[in-house]
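Asks: what's the 3D shape of this:
(chains A and B)
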Amino acid sequence: MDTNTVKFSLRRYKLYVIFGPIFKSIEVIFELFTPFVIRYIIDQGIEAGLENNYLRIIIPGIILVLMCLLSFGFTFICQYLSSVCSQGFGTDLRNRIYKKIATLSSLDLEKIGKGNLLTLISNDTNRLQLGIANIIRLVVRAPLLVVGSLIMSIFISIEAFLILFIAVIIIAIPIILIFYFSSRQILKVQDSIDKVSSLSNDDLAGTRVIRAFNKEEYEINKFKKLSNQYYKDAKVNQTLNALVNPITYLVLNTATIFVVYLGRDNIFTNVPLSTGSLTALIQYLNQITTALIVTFNVVIVLTKAQSSRERVNAFFKIVPSIKDGTIVDTNIDYNKDEIVKFNNVCFKYSDSEKNVVNNLNFAIRKGEKVGIIGGTGAGKTTIIKLLERFFDVTSGEILFKGQNIKDFNIKSLRKQISLVSQKTSIFNGTIKENVLMGKNDISDEEVVEALKEADAYSFVSKYEDTINHEIVESGKNLSGGQKQRITIARALIKKSDILILDDSTSALDFLTDKKIRETIASKKDLTTIIISQRATSLKGCDKILVMDKGYIDSIGTHEELLKNSSIYKEIYESQVNLNG
Amino acid sequence: MASIKFLFKYLKRDLLALILCIIFSIILVISLTLIPYYIGLAIDQIDLFNSGKILNFDIFTFDIILISLFIALTVIFQFVFDFLLGRVVERVSKELRDDLFLKFNEVPISFIDNHLKGDLISRIVNDVDNVNTGLTSFFRQLIIGIFQVIIMIVMMFYVNYLLAIVVIILTPFGFLLSYIIAKKSSKYYKENNRLMGEVSSNFLEYINNIDVVESYNYEEYSFKKFNKINQDLYKVGQKAQLISSLINPASRVINNSITAVVVILGAFIFVLASSSGGTFLGSTLTAGMISTFIQYSIQYSKPFDAISSCVSEAQNAYSSLNRILYVMDSKNDVDNGKEVSLKRGEIAFNNVDFSYDNNRKIIDDFSLLIKEGHKIALVGPTGCGKTTIINLLLRFYDPNKGTIDFNKEHSVDIKKETIRAKFGMVLQDTRIFKGSVLENIAYSKEDATFEEIKEAARNANCLDFIERLPQGFDTIISDNSGLSVGEKQLISIARVMLMKPEILLLDEATSNIDTRTELKIVEAINRLCENKTSIMVAHRLSTIINSDFIVVINNGKIIESGNHKELMAKKGFYFNLYNAQFEEVGIK
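Replies: Model prediction:
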């Protein structure tokens, strides 16, 4: 069995799904008998009452009330089962989506879209949850009420049954049509209001630009177009909704007239109906109508749940674009001159035409300090992402310790690489938690040590609770530089073979930047890759890769590059401006 | 009250339709209530003890005809009512939305600066929606509901006062019960929503940082954190769901019990009345009327539910209406300026004072003459007032004291549009509108050819990166579509390159672009505005060294000015600023 489906998540709750509806059915049966008892009171009870025998009114009366109470009891059990089952199911599903994401790369996630992922775990899961609750609570109840009422009417008279049956069909057809169209219309309405809202957002956030370019009129016209579309869609939806009640009334009450006529004389069997029977039939008709409307509402909920189910299933079916390798032990013998080697590496996004990086060839020695420099969008970060296997090369190969990185178990590979990325990722939790990232075999002293090395302890120690200080809202209360220093400490404590700093000191002042660089330079065994836009930050590197438009322009030391690389020279001069 | 008056302005145009709605609703309610009554009457024409025998055939037929008539009336007026009301309400909503949006473009920039963006958007989307819902339910639930209750009470007393009293007394119990349950469940739902929010934000943190999560093998630990919230959500959600799912069964049990009581009592009244000569405690009842009463007792509770849900919706709508009114009542941006033909020329700041909040002076006695064709640079520490000067130049704000003159013409006497049309600007908050790259660049010149746009992109040094996007110039981008700040700045610069403005304004426009590309862009800009005036705010001094005139600002005042050489010779503020930057790149 395919374990990656919504169905699978429901398996744990099989018993709930079976027993919930059973209890619900008992309630329905009580409800179905109620009109019968009322009929008895009117037909038999009154007649007996007139002969001073009140028992025939009182006893069925008590039965009526008892049935009410009992049916509430059974419903309660059903609602309880349904809440445990559907909420439990939703909780499991959320956990499974969360875990599945861990197997995907950020590129995979970008393809799905972050908004869609959030929808998956919130709206879609909620809808499925609601769908399951409805299946248990209503899917049996509503149709059973309809069918049951029809069956009960057979006992009253076959003609009554026929009238009710025809009424059900006549009510059902237009309502199905209306619900069908309106459920599609609702999507349209939702879509057009989303557009209205996103344009408003653009307009408000860009007020200055809009006014600066004198584009108010243009934006207002754009808005009016969207708002008109919304108006049109909403009107259609309105009209559809306005049809539901009248049509239902029409059929229901016309059927009632026919039923009343049955009391007169009976066209087929010549057995006229009693007053009690008529009362009972009218009640059945009412029950049927209410139940039908509920049924269609349930159908809508289920259709929505169905599309959510398809989305969730499609998500579970996504095959991670990165295939895991088998080498777990990274303590392997290798040529120390080549801890990392890029052979003719090219990469492009699957739907793009142009390569992001082209024919990258270079090797990094163990313990070497390597700098990468280049303009905005030159492909510097792509090199890192390829090395971390956030995505795989389109052609060529990358070797780590002499082995193709694709052969390594991803977790083991990443354990050997500490990355401090451009974007500082701070999680809600304490500073210590942010440094440790889930590791539990490290003492507080070591955490403090790492923070000191990253020059972060100077501000951490100012908190009363130092490393146990709680960071809220992704570090809103920290400055950019403070966040960068925490992420550097995080990388240092990981103690891996390779340390990568991807433009990660940009928010630090010169002195701090230099101090951290010196600390890192003193770690002789640590292979370090530093990406920076500041030529001066890379001056001390063993070698510097100059990137330009996806190509390696040149490789060399600072002095060599100043001589040989015009690009490097331009970069350097744009920053130090020697003729000033 | 002002807000009701405000809403009435919108409703006025459809007043006739609304009055018709009320008339229709009365007809609708009366015919709706009479149907069960006449069905009861028809049933009564059937002999209770002699099935099939019709007592009076003419009356029976008459009743049936009346029932059919009432059905027809109900159906027609129900539809016309809903249809008409829907039209009116949707039109009002649309007009509210359009007017709000229009207003957002008419208020002073300060209004938008002083409000949260999300809050304003919610006024245009959610608040209008709330008014829509409130209006609809006011007419559909409240007005119809009240009519229904009144007419039903009249009918019930007319049929049998004893049963009427019983139904009227018992019904509130069901109502009370579901109210108590609803209150309890709303408490849990609030908690449920809070936890759902926590789940979402935890999840967002996770997917936004997935690179770090994966590269630090943080998956399991972060899952543990997630699961903890998720389990809390389960506990609360399960209770919320259970309790709320009891509302319907609970009111069902009460209503069914009321029906049972009506039947039992009805049967007794019938029996006792018959045995005591037709009336019991002054009331009569027939078998048909018992059937009628069963229908009434079922229907009677419904308008109460409707009215109660309407009350909260009306409250919502009222507060939303006030929020809308707050925007609509705010003052429009005043522009007393005339359309003057602004020829090229000089711009002069004469003793300008400015403060955003009448409290702290941002610009203090600021005087500056910008000669035609000059390249001016504004420098100074963060918060010194550089951006405010740009705001004043473009008339986003006007000076509190002093004047800004374009060719000796006071800026406040010139139409904002006229001034802004002169400037091409790249502002600090780069703005990408949802649309293709092409549309975003052509924003400054709608009729630009593709060649012109391409040329502009090339000049702004962004052609290369645009061509590497998945669909090149046709790639749909938006403010949060994954472009880096630097890339957004490049596109904004291309926008201005395309416009070829007379005066160029750059407010830290290249702050996130690498220095080498920046230099190239500055060169291209200089080519573009040869002999034109340009005003540049920059934090990297290397880009402004070649300016004709550098103005050093601190605390809203000019403290030094001159060209680069003169300022360096002064060995003052600029000198220190310049040297500090070199220190930063490690030269000193």
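
Asks: three-state assignment of the most centrally placed residue in chain B?
Replies: The residue lying closest to the centre of chain B (Cα atoms, centre = their mean) is B:S122, at 2.3 Å. For B:S122, the assignment made with DSSP: H, G, I helix; E, B strand; the rest coil gives helix.

Asks: who's in contact with the spatially most distant residue from the centre of chain A?
Replies: In terms of distance from the mean C-alpha position of chain A, A:E51 ranks first, at 69.9 Å (Cα atoms, centre = their mean). If you count contacts by Cβ atoms under 8 Å, 6 or more residues apart in numbering or on different chains, A:E51 has none. In short, each C-beta sits where N, CA and C put it, glycine included.

Asks: Need phi/psi at it.
Replies: Per-residue torsions, A:E51: phi -100, psi 20 (degrees, to the nearest 10).

Asks: how far away is it from A:S274?
Replies: Per Cβ to Cβ, to the nearest Å, A:E51 is found 17 Å from A:S274.

Asks: need the helices for the stretch 301-450 of chain A, in chain order.
Replies: Counting by DSSP state H, counting those that start in this stretch, one finds helices in the stretch 301-450 of chain A at the ranges A:380-387, A:410-415, A:431-436, A:444-453.

Asks: next one: the longest one to chain centre, how far?
Replies: So that's helix A:444-453. Per Cα atoms, centre = their mean, to the nearest Å, the displacement of helix A:444-453 from the mean C-alpha position of its chain is 37 Å.

Asks: And for stretch B:468-480?
Replies: 27 Å.

Asks: ok so, going back, dump the helices of the stretch 301-450 of chain A into CSV; add mean pLDDT, mean neighbour count and distance to chain B as well.
Replies: Shown next, in CSV, are the helices of the stretch 301-450 of chain A (pLDDT from 0 to 100; neighbours: other Cβ atoms under 10 Å in any protein chain shown; distance: least, Cβ to the nearest Cβ, whole Å):
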stretch, mean pLDDT, mean neighbour count, distance to chain B
helix A:380-387, 88, 22, 8
helix A:410-415, 86, 19, 5
helix A:431-436, 88, 23, 8
helix A:444-453, 89, 18, 14
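
Asks: Save those as TSV, and put in distance to A:M547 too.
Replies: TSV is the format used below for the helices of the stretch 301-450 of chain A (distance: least, Cβ to Cβ, whole Å):
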stretch	distance to A:M547
helix A:380-387	5
helix A:410-415	23
helix A:431-436	31
helix A:444-453	28
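
Asks: residue contacts, residue 294?
Replies: Reading this off chain A. When the contact criterion is Cβ under 8 Å, 6+ apart, the partners of A:V294 are A:138, A:141-142.

Asks: nope, chain B please
Replies: Counted by Cβ under 8 Å, 6+ apart, B:I294 has contacts A:38, A:279, A:283, B:259, B:262-263.

Asks: Kindly recompute the last result at 6 Å.
Replies: B:T259 (Cβ atoms under 6 Å, 6 or more residues apart in numbering or on different chains).

Asks: The stretch 301-450 of chain B: helices as residue ranges?
Replies: For the stretch 301-450 of chain B, applying DSSP H, counting those that start in this stretch gives helices covering B:386-393, B:416-422, B:437-441, B:450-459.

Asks: Compare those and give me the one nearest B:F138.
Replies: Judged by Cβ to Cβ, the one of those that comes nearest to B:F138 is helix B:416-422, at 41.5 Å.

Asks: Buried residues, that closest one. List them.
Replies: Residues B:416, B:418-422 are the ones in helix B:416-422 that count as buried (16 or more other Cβ atoms under 10 Å in any protein chain shown).

Asks: now stretch A:542-552
Replies: So, applying 16+ other Cβ under 10 Å, buried residues of stretch A:542-552: A:543-552.

Asks: can you check stretch B:557-564 too?
Replies: Of all the residues in stretch B:557-564, those buried under the rule 16+ other Cβ under 10 Å are B:557-558, B:560-562, B:564.

Asks: rewinding a little: what's the closest of the contacts of A:V294 to B:N217?
Replies: Proximity of those to B:N217 was ranked by Cβ to Cβ; the top entry is A:L138 with 45.0 Å.

Asks: Isn't that closest one up against A:V298?
Replies: Yes - counting by Cβ atoms under 6 Å, A:L138 touches A:V298, with 4.8 Å between them.

Asks: For the stretch 101-250 of chain A, which residues are neighbours of chain B?
Replies: Proximity of the stretch 101-250 of chain A to chain B (Cβ under 6 Å from any Cβ of the partner chain) is limited to residues A:102, A:106, A:109, A:114, A:117, A:121-122, A:197, A:200-202, A:204-209, A:212-214, A:216, A:220, A:223-224, A:227, A:231, A:234-235, A:238, A:242, A:245-246, A:249-250.

Asks: Would you mind reformatting the helices of the stretch 301-450 of chain B (as TSV) and adding columns for mean pLDDT and distance to B:K53 while you're at it?
Replies: Listed next are these as TSV, based on pLDDT from 0 to 100; distance: least, Cβ to Cβ, whole Å:
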stretch	mean pLDDT	distance to B:K53
helix B:386-393	85	92
helix B:416-422	85	88
helix B:437-441	90	81
helix B:450-459	89	90
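
Asks: Out of those, which is closest to chain A?
Replies: Set against chain A and scored by Cβ to the nearest Cβ, the helices of the stretch 301-450 of chain B come closest in helix B:416-422, at 5.0 Å.

Asks: Need the phi and psi values for the residue nearest to B:N105 when sequence neighbours are not counted.
Replies: Computed as Cβ to Cβ, 6 or more residues apart in numbering or on different chains, the closest residue to B:N105 that is not its neighbour in sequence is A:E216, at 4.4 Å. Phi and psi for A:E216, reported as degrees, to the nearest 10, are phi -60, psi -50.

Asks: Which positions in stretch A:18-25 come out as buried?
Replies: Using 16+ other Cβ under 10 Å as the test for burial, stretch A:18-25 gives A:20-21, A:23-25.

Asks: which residues in the stretch 151-300 of chain B form helices?
Replies: Going by DSSP H, counting those that start in this stretch, the stretch 151-300 of chain B shows helices at B:161-208, B:210-215, B:219-244, B:247-275, B:287-329.

Asks: The first one to helix B:219-244, inter-axis angle?
Replies: When axes from the mean of the first three to the mean of the last three Cα atoms, to 10 degrees is applied, the directions of helix B:161-208 and helix B:219-244 differ by 170 degrees.

Asks: Could you do the fourth one as well?
Replies: Helix B:247-275 and helix B:219-244 are oriented at 10 degrees to each other (the same axes, to 10 degrees).

Asks: Helix B:247-275 vs chain A: in contact?
Replies: Yes - legend: contact between helix B:247-275 and chain A by Cβ under 6 Å from any Cβ is shown at B:249, B:253, B:256-257, B:260, B:263-264, B:267, B:270-271, B:274.
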